[in-house]
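>>> any chance you could fold what I've pasted below:
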Amino acid sequence: MAAKCLGEPGKPGSPNNDEGGIPVNRQNFYDMEADRHWQQVMELAERYGFILNAAGGTAMLATHKNQLEQLGEKEYLHIQQMNGHCPKDFGYEGCLEKDSMLKNCRGCWASKHGAKWVGFEKNERYMQKRC
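Residues are numbered from 1 along each chain as shown. I've put the predicted structure just below:
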């Protein structure tokens, strides 16, 4: 039996017509279905502050414990800011400057609209000001 192909039914490349098209199998269909959930996965990873780096459909994730232990406090706070969190939500008095000194919150990115995530929940004030 020839491999089924993607396409429109009754047209070349359709699952009902083996002429042309891209051959697919069940695993390909499963992968495409799973990929539809990528945005949900990334939103959850951002919400909980796990994203270290993300680009082009890939992401590097780490637990908060590993971020602190492996990267240190300064980088941990930077990562949390990148994920839309204010360090105050994690018990810090504010952000750290490059020299590891505490940064004044006046003029901070989160002071205008608040952080995107507060207590791991979406901050409606932030969302209203962004739209």
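
>>> got a pLDDT number for residue 68?
Listed pLDDT for residue 68 reads 95.

>>> in terms of helices and strands, where is the spatially closest residue to it that is not a sequence neighbour?
Counting by CB to CB, 6 or more residues apart in numbering, residue 68 lies nearest to residue 76, which is 4.9 Å off, once chain neighbours are set aside. No exception for glycine: its C-beta is placed from N, CA and C like everyone else's. Element membership for residue 76 (DSSP states H and E) is helix 72-82.

>>> quick one: pLDDT of the closest residue to residue 100 other than its chain neighbours?
Computed as CB to CB, 6+ apart, the closest residue to residue 100 that is not its neighbour in sequence is residue 74, at 5.5 Å. If you check residue 74, the pLDDT there is 85.

>>> what is the burial count for residue 74?
Residue 74 has 14 neighbours, counted by other CB atoms under 10 Å.
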